[in-house]
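need a 3D model of the following:
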Amino acid sequence: MTILQRLSSQLRAFRCEERGQSLVEVALASPLLLALVVGTTDVGRYIYLDIAVANSARVASHYAAQNLMLANVTSTGAQVTAAANNEVSDVNATVAVNSSNVCYCYNSSTATFTCSTPVSTRPCNSTSTDHRVTEVHVTASSNFKPLFTYLGFPGSIAVSRTMVAQVTP
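Residues are numbered from 1 along each chain as shown. So this is what the prediction gives:
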């Protein structure tokens, strides 16, 4: 028997052998399945953080809108930030809070003015239907860091939500 015939018979026997085929399939499929699981986990973590940031902005705006004294965000900024951070404590994230007041006349949305304007110089009419409206705008933001760095994606993604609440007089 020549070398070529022996090699040909060994190759035929090797083709018919199925031992190890499953191991090769698992070795090829495992990285894809692992990437799919990790990617799905990161998407879930991002959605969870997004919901938590939106809830913290909502809680902080409602806290600041309880009354006119709390709506003065320059003096209660730390309290509004603490209310927002209490909401995201289970996510192990901190949120940066940026809050501001907007004052305008009820029937004239173009007549905005600073909320500290004295009553006598406000552009609102003295009628009962044209009164001052104060809103608190709260923007909560945080950064999402994926478990792994993916090709083409940034290492950190900013998550930001803004909520508006009308101050209770």
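
what segments of this protein are strands?
Ranges of strands within the chain are 96-105, 108-113, 132-144, 157-166, based on DSSP state E.

which of those strands has the lowest average pLDDT?
With a mean of 58, strand 108-113 has the lowest mean pLDDT of those.

any idea which residue is closest to the centre of the protein?
Geometric centre of the chain, nearest residue: residue 50, 2.6 Å, by CA atoms, centre = their mean.

that residue: what's it in contact with?
Contact analysis of residue 50 by CB atoms under 8 Å, 6 or more residues apart in numbering lists 159, 161. Using the backbone N, CA and C atoms, a C-beta is placed for each residue, glycine as well.

any stretches of the chain with poor pLDDT?
Along the chain, segments meeting pLDDT under 70 span 1, 11, 13-19, 67-76, 104-132, 169.

not counting sequence-adjacent ones, nearest residue to residue 155?
residue 149 (5.6 Å; CB to CB, 6 or more residues apart in numbering).

phi, psi of the one you found?
Phi and psi for residue 149, reported as degrees, to the nearest 10, are phi -90, psi 120.

around it, count how many other residues there are.
10 (other CB atoms under 10 Å).

what distance do you get for it to residue 44?
From residue 149 across to residue 44, the span is 18 Å (CB to CB, to the nearest Å).

do the same with residue 154
18 Å.

ditto for residue 8
Applying CB to CB to residue 8 and residue 44 gives a distance of 54 Å.

repeat for residue 143
17 Å.

who has more neighbours out of those two?
Counted by other CB under 10 Å, residue 143 and residue 44 do not tie: residue 143 has more neighbours, with 15 against 10.

my read: that one touches residue 159, true?
Yes - if you go by CB atoms under 8 Å, residue 143 and residue 159 touch, sitting 7.1 Å apart.
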